[in-house]
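Student: only geometry, no sequence info:
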């Protein structure tokens, strides 16, 4: 099966989140780094589950969870950025997560519309 765009982008984003996590750990920032690691890597994990779903409802539910995790990740990134807990620049990650949120929102809306048609 060919890798989807959202699958690829979420995996690449997870790798960036892991790098950020490592940098935050070196700066002894443990609370937000753990939150970002969990929510940021959960996006791709739920997309993988969605793509393996056996029913359309499974797919829609998992993509919806991915969308929620993406929004949570954006919250933590914004908080990290504006709290000045670190001098690390996370603006590019915020742009990345905004793109993922747009893609996931579109997928979820289309999936929900298709469920109501059937």
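Tutor: Cool, the structure landed. Just so you know, these numbers come straight off a predicted model, no measurement behind them.

Student: which stretches of this structure aren't confidently modelled?
Tutor: 1-2, 118 (pLDDT under 70).

Student: all helices of this protein, in order?
Tutor: Ranges of helices in the chain, per DSSP state H, are 5-26, 31-51, 56-83, 91-117.

Student: name the helices or strands packed onto the first one?
Tutor: Same thing as helix 5-26. With contacts taken as 3 or more Cβ pairs under 8 Å, 6 or more residues apart in numbering; DSSP states H and E, helix 5-26 sits against helix 31-51, helix 56-83, helix 91-117. C-beta: built from backbone N, CA, C; applies to glycine.

Student: Tell me which of those helices sits most buried.
Tutor: helix 31-51 (a mean of 20; mean count of other Cβ atoms under 10 Å).

Student: That helix vs helix 56-83, what angle?
Tutor: 160 degrees (axes from the mean of the first three to the mean of the last three Cα atoms, to 10 degrees).

Student: Could you check how far helix 31-51 is from the centre of its chain?
Tutor: Relative to its chain's centre, helix 31-51 lies at 6 Å (Cα atoms, centre = their mean, to the nearest Å).

Student: Repeat that for stretch 43-59.
Tutor: With Cα atoms, centre = their mean, you get 14 Å for stretch 43-59.

Student: Endpoints of that stretch, how far apart?
Tutor: 14 Å (Cα to Cα, to the nearest Å).

Student: Residues in contact with it: which ones?
Tutor: Stretch 43-59 is contacted from outside by 1, 4, 6-7, 10-11, 13-14, 60-63, 65-66, 69-70, 73, 100, 104, 111, 114-115, 118, using Cβ atoms under 8 Å, 6 or more residues apart in numbering.

Student: again, but for stretch 84-91
Tutor: Applying Cβ under 8 Å, 6+ apart, the external contacts of stretch 84-91 come out as 20, 23, 24, 27, 29, 32, 77, 80, 81.

Student: Please spell out which residues along that stretch are buried.
Tutor: 86, 90 (16 or more other Cβ atoms under 10 Å).

Student: For it, measure first residue to last.
Tutor: Criterion Cα to Cα; first-to-last residue distance in stretch 84-91 is 13 Å.
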